[in-house]
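In: structure for this input, please:
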Amino acid sequence: MKVLVTGGGGFLGCHIIELLQKRGISVRAIGRKKQPVLESREVEFFRGDISFKDDADRAVHGVDGVFHVAGRTRIDMNYQAYYNTHVVGTQNIIRACKHFGVPKLVFTSTPAVVFNGQDLSGADESLPCQTHYHWYYTQTKALAEQYVLEHNSPELRTVAIRPHLLLGTGDPHLMPKILQRAQKGNLKIIGEGNNQVDITFVSNAAHAHILAWDALETGKACGKAYFIGQEKPIVLWEFINYILSKLNLPIVEKKVDFHKAYRWGSLMEIIYKRFHPNGIPPMTRALAVALSKDHYFSHEHAHKDLGYIPQMTIEMGLNRLIETLRLQMKIFGKRNYSWE
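Out: All right, here's what the predicted structure looks like:
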């Protein structure tokens with residue numbers, strides 16, 4: 001058996017590949033940049049862009065299933081880049097799967113597709129995708145998820161997994177950005193600082209994808225989406241300050257009113273959209289909402305249909321993450337280490 005992992009060189013994709021190889025499954029990956037690490041692990045790597053039909057065809061031809069993990073996670077104002085990766089890329093992968101008779105596809109989505117900017121506490125999958133979004137990432141991810149699930153059929157069984165706030169060793173996104181801002185003194189609590197959110201350690205997210213792959217065989221998961229997270233939500237700013245304190249970095253105490261941060265984010269979006277669409281604004285409406293509101297979800301359906309139970313607990317994952325960050329800071333130095 002051979003399986004394609006789009007975005008296989010990314011944070012989550014690498015972990016999914018590891019689990020597939022432990023099963024003895026041959027893996028192919030596609031990405032825009034060379035991936036010598038994957039090639040050293042005997043992964044068949046195609047350099048290409050799934051938003052181009054020919055590249056998608058070349059990647060899908062000859063495989064027995066697809067984990068469609070590729071995504072664009074920058075927080076910039078380049079709508080077309082998001083649309084090309086998430087919507088056009090997904091359409092190309094689905095079309096290629098149908099053309100070449102590939103029977104199974106697991107899609108990596110996000111809980112943000114249902115986030116309406118208000119507190120969400122224990123919401124389940126009955127909550128519909130939104131029609132208005134603050135971030136091009138979630139808007140285009142929602143379109144892609146809808147396309148994937150609408151094209152579920154006996155010939156191509158599809159499922160969407162929605163892991164929330166991925167953390168873990170090798171994280172290139174969430175913790176690096178938090179630590180960068182903390183080191184520069186640019187990190188502030190938005191709102192009162194009591195908001196609860198789901199997190200997901202990357203090994204658990206990868207495990208959930210494999211469970212979804214298996215569940216497609218039984219038919220339970222076909223055409224469905226599932227929230228994935230830890231055993232319970234965390235209080236976001238307490239969690240961040242705990243990590244900072246363990247790294248001997250100043251904890252965050254200064255607060256900014258949510259409405260002020262939201263208005264500032266709106267202004268930054270206008271400026272960056274017009275003058276610097278590929279730049280990353282210091283604040284956006286989506287960021288203000290995400291850092292101040294509750295957003296955690298029920299995982300009951302994932303437990304029932306997929307058998308999902310977090311294998312890495314919050315305590316285990318947090319301890320491992322802190323150990324890794326300490327080692328990185330020891331090697332590179334607190335002030336000079338680049339988290340990019």
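
In: tell me which residues touch Pro163, please.
Out: 12, 108, 110-111, 200, 204-205, 208, 228-229 (Cβ atoms under 8 Å, 6 or more residues apart in numbering). (Glycine included, C-beta is placed from N, CA and C.)

In: ditto for Ala205
Out: When contacts are counted by Cβ under 8 Å, 6+ apart, Ala205 touches 12, 15, 161, 163, 166, 228.

In: so which of the contacts of Pro163 sit within strands?
Out: Using DSSP state E, the members of the contacts of Pro163 that fall in strands are 108, 200, 228.

In: where neighbours are concerned, which of these has the most?
Out: Highest neighbour count within the ones in strands among the contacts of Pro163: Thr108, with 29 neighbours (other Cβ atoms under 10 Å).

In: mind listing what that residue touches?
Out: Counting by Cβ under 8 Å, 6+ apart, Thr108 has contacts 7, 12, 67-69, 71, 160-161, 163, 209.

In: farthest pair within those?
Out: Within the contacts of Thr108, Gly7 and Ala160 form the most distant pair, 14.9 Å apart (Cβ to Cβ).

In: can you map out the helices along this protein?
Out: 11-22, 36-40, 53-60, 79-83, 89-100, 136-150, 174-184, 202-218, 236-246, 258-275, 285-290, 300-301, 314-332 (DSSP state H).

In: quick one: residues in contact with the first one.
Out: Translated: helix 11-22. Here helix 11-22 makes contact (Cβ under 8 Å, 6+ apart) with 3, 5-8, 27, 29, 37-38, 41-43, 67, 69-70, 108, 163, 166, 168, 170-173, 202-203, 205-207, 209-210.

In: and for stretch 135-149?
Out: Contacts for stretch 135-149 (Cβ under 8 Å, 6+ apart): 68, 71-75, 77-79, 82-83, 85-87, 89-91, 94, 105, 107, 109-110, 112-113, 115, 129-130, 133, 158, 160, 223-225, 284-286.

In: stretch 85-102 too?
Out: Here stretch 85-102 makes contact (Cβ under 8 Å, 6+ apart) with 6, 49-53, 55-57, 59-66, 68, 70-72, 105, 107, 137, 140-141, 143-144, 147-148, 151, 155-156, 158.

In: buried subset of those residues, written for PyMOL?
Out: Those of these that count as buried under 16 or more other Cβ atoms under 10 Å are selected in PyMOL with:
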select buried, resi 6+49+50+51+55+56+57+59+60+63+65+66+68+70+71+72+105+107+137+140+141+143+144+147+148+151+156+158
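
In: thinking again about what came up before, how about the contacts of Thr108 in JSON lines, adding distance to Ile309 and pLDDT?
Out: What follows is the contacts of Thr108, written out as JSON lines (distance: Cβ to Cβ, whole Å; pLDDT from 0 to 100):
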{"residue": "Gly7", "distance to Ile309": "25", "pLDDT": "95"}
{"residue": "Leu12", "distance to Ile309": "19", "pLDDT": "96"}
{"residue": "Phe67", "distance to Ile309": "21", "pLDDT": "98"}
{"residue": "His68", "distance to Ile309": "24", "pLDDT": "98"}
{"residue": "Val69", "distance to Ile309": "22", "pLDDT": "98"}
{"residue": "Gly71", "distance to Ile309": "25", "pLDDT": "95"}
{"residue": "Ala160", "distance to Ile309": "20", "pLDDT": "98"}
{"residue": "Ile161", "distance to Ile309": "15", "pLDDT": "98"}
{"residue": "Pro163", "distance to Ile309": "14", "pLDDT": "98"}
{"residue": "His209", "distance to Ile309": "15", "pLDDT": "98"}
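
In: for the residues you listed, which one is nearest Tyr242?
Out: When these are compared against Tyr242 (criterion: Cβ to Cβ), the nearest one is Pro163, at 21.5 Å.

In: for the closest one, which non-adjacent residue is spatially closest?
Out: Counting by Cβ to Cβ, 6 or more residues apart in numbering, Pro163 lies nearest to Ala205, which is 3.8 Å off, once chain neighbours are set aside.

In: any idea how far the one you found is from Gly13?
Out: Per Cβ to Cβ, to the nearest Å, Ala205 is found 11 Å from Gly13.

In: and if you look at Leu156?
Out: Counting by Cβ to Cβ, the gap from Leu156 to Gly13 is 21 Å.

In: surely Pro111 is in contact with Arg162?
Out: Yes: with contacts counted by Cβ atoms under 8 Å, Pro111 reaches Arg162, the gap being 4.7 Å.

In: between these two, which contacts overlap?
Out: With Cβ under 8 Å, 6+ apart, Pro111 and Arg162 have common neighbours 227, 297.

In: list the contacts for Ile161?
Out: Counted by Cβ under 8 Å, 6+ apart, Ile161 has contacts 106-109, 205, 208-209, 212, 225-226, 228.

In: can you redo the residues you listed as TSV with distance to Ala182?
Out: Output for the contacts of Ile161, formatted as TSV (distance: Cβ to Cβ, whole Å):
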residue	distance to Ala182
Val106	35
Phe107	33
Thr108	28
Ser109	29
Ala205	25
Ala208	30
His209	31
Ala212	35
Ala225	34
Tyr226	33
Ile228	27
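
In: what's the most distant pair in these?
Out: Ala205 and Ala225 (14.1 Å).

In: for Phe52, see how far away the residue lying closest to Ile199 once chain neighbours are set aside is.
Out: When the adjacent residues along the chain are set aside, Ile199 lies closest to Leu165, with 4.6 Å between them (Cβ to Cβ, 6+ apart). Relative to Phe52, Leu165 is positioned 31 Å away (Cβ to Cβ).
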